[in-house]
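Asker: Structure of the sequence below:
(one chain, ligands or ions: 1)
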Amino acid sequence: MSVNKSNIFFIINPISGGKKKSSLPSLIDQYLDKEKFAPIYAFTEYVGHASELAEEAEKKNYDIIVAVGGDGTINEVASKLVHSDKILAIIPFGSGNGLARFLNIPLTAQKAISLINTGKHQVIDTAELNGKKFFNMAGMGFDAHLSSVFAGNKKRGLKSYVELGFKEITTYKAQPYRIDIDGVKYDNDAFAISIANSSQYGNNVYISPKSSLIDGYLDVCIIHPISLVKLPVLAFQMITAKTHKSSLVKIIRGKHIKIERNAPDAVHLDGEPLQLGESLEIKIVPASLKILSN
Ligand SMILES: Nc1ncnc2c1ncn2[C@@H]1O[C@H](COP(=O)(O)OP(=O)(O)OP(=O)(O)O)[C@@H](O)[C@H]1O
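Answerer: All right, here's what the predicted structure looks like:
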């Protein structure tokens, strides 16, 4: 490793977003400022590998660790960098790229690499659900169900995600939840509950338009049970970033959230599905991750 230059480690998910990345090291070679940076690359080979690579890299002499992929890859890498002095950078290559879009990181690899050259970064809040970290969005109900079904789907990418969404939405039933947000109780049937750190799921689909990564709060977005005919209205409100004014969604800000469900079920953390029990506990971890942003 170089002593004069910043050491930078690229962790590349070769399957995220359904896009090939074999030429990425040569693109990085071309656009990264080699006067400032000494790059090293690794391609992930399985689920969880990005997390292992990041854990090793965190202990070494790297200044910046780059997640190349979508929100799932970022989650694996960032989980090992919370409260670290290392800076996380992102080259967005996911299906949705929620966190990268929120941070205004360019979606073209060449421009995202050029942003790394500037070294501009900030310290953002992170969050935990039953002790597992998330950075952009966690959720339960329909969005967790969809992530769970999508994970078993052979095809990646936005098109297959949307196709699957249309198929699943016709049969999904709202669930009852008992919710406690900073000591205030709410009993609600919900189609889905999203816990927002940033404002969007990805693809500029906004569930919580007013969310901030630096306010020390999460936004609990309760999507009320909804009829199929009202779904286009909700979809329009999400695309136009108006859900905070919607009668179809209730958004409550909080730091410590407890949710009880009737049975174990799926949740998602940054779009990656996971089966958990009835009781969920979610906390904000303020100002805990250094991240490169625009
Ligand atoms: N070599 C690999 N083979 C199979 N899966 C992998 C490999 N490397 C990483 N993964 C897994 O790929 C999954 C998807 O990654 P990621 O979320 O970054 O992309 P995406 O789902 O296309 O994008 P987004 O989350 O933005 O919608 C992650 O769960 C990650 O652990």
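
Asker: CA atoms for contacts and neighbours, from now on please.
Answerer: Will do.

Asker: Please report how far E52 lies from Y46.
Answerer: Separation of E52 from Y46 (CA to CA, to the nearest Å) stands at 10 Å.

Asker: Which one's more surrounded, the two?
Answerer: Between E52 and Y46, E52 has the larger neighbour count (other CA atoms under 10 Å), namely 15 against 10.

Asker: Tell me the confidence at that one?
Answerer: As predicted, E52 sits at a pLDDT of 98.

Asker: Quick check: it is in a helix.
Answerer: Yes - according to DSSP: H, G, I helix; E, B strand; the rest coil, the state of E52 is that of a helix.

Asker: I'd like to know how far it sits from the ligand.
Answerer: 11 Å (CA to the nearest ligand atom, to the nearest Å).

Asker: Now do the SS call for the closest residue to K20 other than its chain neighbours.
Answerer: Spatial nearest neighbour of K20, chain neighbours left out: P14 (6.5 Å); criterion: CA to CA, 6 or more residues apart in numbering. Secondary structure assignment for P14 (three-state DSSP): coil.

Asker: okay but P14 is in contact with T44, surely?
Answerer: Yes - between P14 and T44 there is a contact under CA atoms under 8 Å: 6.7 Å.

Asker: same for the lowest-mean-pLDDT helix or strand in the chain, what does it pack against?
Answerer: The weakest-scoring helix or strand in the chain, judged by mean pLDDT, DSSP states H and E, is helix 157-169 (a mean of 83). On a contact count with 3 or more CA pairs under 8 Å, 6 or more residues apart in numbering; DSSP states H and E, helix 157-169 meets helix 142-151.

Asker: Export only the CA atoms of the helix it packs on, formatted as PDB.
Answerer: Output in PDB follows, covering the C-alpha atoms of helix 142-151 (Å, rounded to 0.1, in the frame of the first residue of the first chain):
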ATOM      1  CA  PHE A 142     -45.800  -5.700   1.100                       C
ATOM      2  CA  ASP A 143     -42.400  -4.200   0.200                       C
ATOM      3  CA  ALA A 144     -40.600  -6.900   2.400                       C
ATOM      4  CA  HIS A 145     -42.800  -9.600   0.900                       C
ATOM      5  CA  LEU A 146     -41.800  -8.300  -2.600                       C
ATOM      6  CA  SER A 147     -38.100  -8.300  -1.700                       C
ATOM      7  CA  SER A 148     -38.400 -11.800  -0.500                       C
ATOM      8  CA  VAL A 149     -40.100 -13.100  -3.700                       C
ATOM      9  CA  PHE A 150     -37.600 -11.000  -5.800                       C
ATOM     10  CA  ALA A 151     -34.600 -12.600  -4.100                       C
END
